[in-house]
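A.B. asks: quick one: sequence and predicted model below, then my questions.
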Amino acid sequence: KAGVTQTPRYLIKTRGQQVTLSCSPISGHRSVSWYQQTPGQGLQFLFEYFSETQRNKGNFPGRFSGRQFSNSRSEMNVSTLELGDSALYLCASSLASDRFTDTQYFGPGTRLTVL
Amino acid sequence: AQSVAQPEDQVNVAEGNPLTVKCTYSVSGNPYLFWYVQYPNRGLQFLLKYITGDNLVKGSYGFEAEFNKSQTSFHLKKPSALVSDSALYFCAVRDIYGQNFVFGPGTRLSVLP
């Protein structure tokens, strides 16, 4: 079974631009979560989607948004990019049979650099 | 609120020796605990999890972890380390009151030949 895929793997943007990242979950997985990983803040939860609805949201500004499609694929968007948005963005999928005990499986990430 | 601590930023161990990567947690209810490993320029790979039952959990690549409720710990162990085990290790926790996974800051493991 194919793993979680994320596109693109690398992105370079300038301040003020916007960016869209894509995530395809493992086949049959219905929940998708997004995380931001930086050396200073570590792994921080952005949001979780299930059945095309945002189920949880982390403590990030409204510039960060996401959505999920009917095939469980997900996108996240960051508008008005800031230098501090440079990070590795990780997507994780899970079956969603039990939201508390399900294992999350991670994609390879998208490395975003904001200049 | 949930929280996870990994008290060691870096752990060095000689190849063939046993390794331990420490994790302590704080949750309101029963904890659900996970270990992940991250290799350079890669996402996180799942190693093992504790949900309920036996306190010793066995996982991938020969790793195991011991859940200790009284000490609120979930240390990752391996009897004999390999150079290829060198990576960044993350402990994560979730409980039924939490909204999402909370990850520890990570511990960098270096296995020296």
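C.D. replies: The structure has been received and is ready for your questions.
A.B. asks: give me the neighbour count for A:P39.
C.D. replies: Neighbour count for A:P39, taken as other C-beta atoms under 10 Å in any protein chain shown: 8. C-beta: built from backbone N, CA, C; applies to glycine.
A.B. asks: and chain B, which residues reach chain A?
C.D. replies: Contacts of chain B with chain A, taken as C-beta under 8 Å from any C-beta of the partner chain, map to B:32, B:34, B:36, B:41-46, B:49, B:51, B:90, B:94-96, B:98-106.
A.B. asks: of those, which belong to strands?
C.D. replies: B:Y32, B:F34, B:Y36, B:L44, B:Q45, B:F46, B:K49, B:F90, B:R94, B:V102, B:F103 (DSSP state E).
A.B. asks: can you list the residues of chain A near chain B?
C.D. replies: A:4, A:6, A:33, A:35, A:42-43, A:45, A:48, A:56, A:58, A:90, A:92, A:100-101, A:103-109, A:111.
A.B. asks: quick one, which of the residues you listed are buried?
C.D. replies: A:4, A:6, A:33, A:35, A:43, A:45, A:48, A:56, A:58, A:90, A:92, A:104-109, A:111 (16 or more other C-beta atoms under 10 Å in any protein chain shown).
A.B. asks: what residue is smack in the middle of chain A?
C.D. replies: In chain A, the residue lying closest to the centroid (C-alpha atoms, centre = their mean) is A:W34, at 3.0 Å.
A.B. asks: quick one: neighbours of the residue nearest to it when sequence neighbours are not counted, just the number.
C.D. replies: Distances taken as C-beta to C-beta, 6 or more residues apart in numbering or on different chains place A:L46 nearest to A:W34, at 4.1 Å, with adjacent residues excluded. Counted with other C-beta under 10 Å, residues neighbouring A:L46 total 22.
A.B. asks: in terms of contact, does A:L46 touch A:R63 like I think?
C.D. replies: No: using C-beta atoms under 8 Å as the test, A:L46 is too far from A:R63 to be in contact (11.2 Å).
A.B. asks: pLDDT on whatever helix or strand the residue nearest to A:W34 lives in, on average?
C.D. replies: Here A:L46 sits within strand A:42-50, counting by DSSP states H and E. Rounded to a whole number, the mean pLDDT of strand A:42-50 is 93.
A.B. asks: likewise stretch B:29-43?
C.D. replies: Averaged over stretch B:29-43, pLDDT sits at 90.
A.B. asks: can you tell me the distance between the two ends of it?
C.D. replies: End-to-end distance of stretch B:29-43 (C-alpha to C-alpha, to the nearest Å): 29 Å.
A.B. asks: buried ones in it?
C.D. replies: Buried residues in stretch B:29-43, counted by 16+ other C-beta under 10 Å: B:P31, B:Y32, B:L33, B:F34, B:W35, B:Y36, B:V37, B:Q38, B:G43.
A.B. asks: quick one: buried residues of the lowest-mean-pLDDT helix or strand in chain A?
C.D. replies: Within chain A, confidence by mean pLDDT, DSSP states H and E is lowest for strand A:53-57 among all helices and strands, at a mean of 90. Applying a neighbour-count criterion of 16+ other C-beta under 10 Å, the buried positions in strand A:53-57 are A:R55, A:N56.
A.B. asks: residues in contact with it?
C.D. replies: The contact list for strand A:53-57, computed with C-beta atoms under 8 Å, 6 or more residues apart in numbering or on different chains, reads A:S31, A:S33, A:F45, A:L46, A:F47, A:E48, A:Y49, A:G66, A:Q68, A:R99, B:Q99, B:N100.
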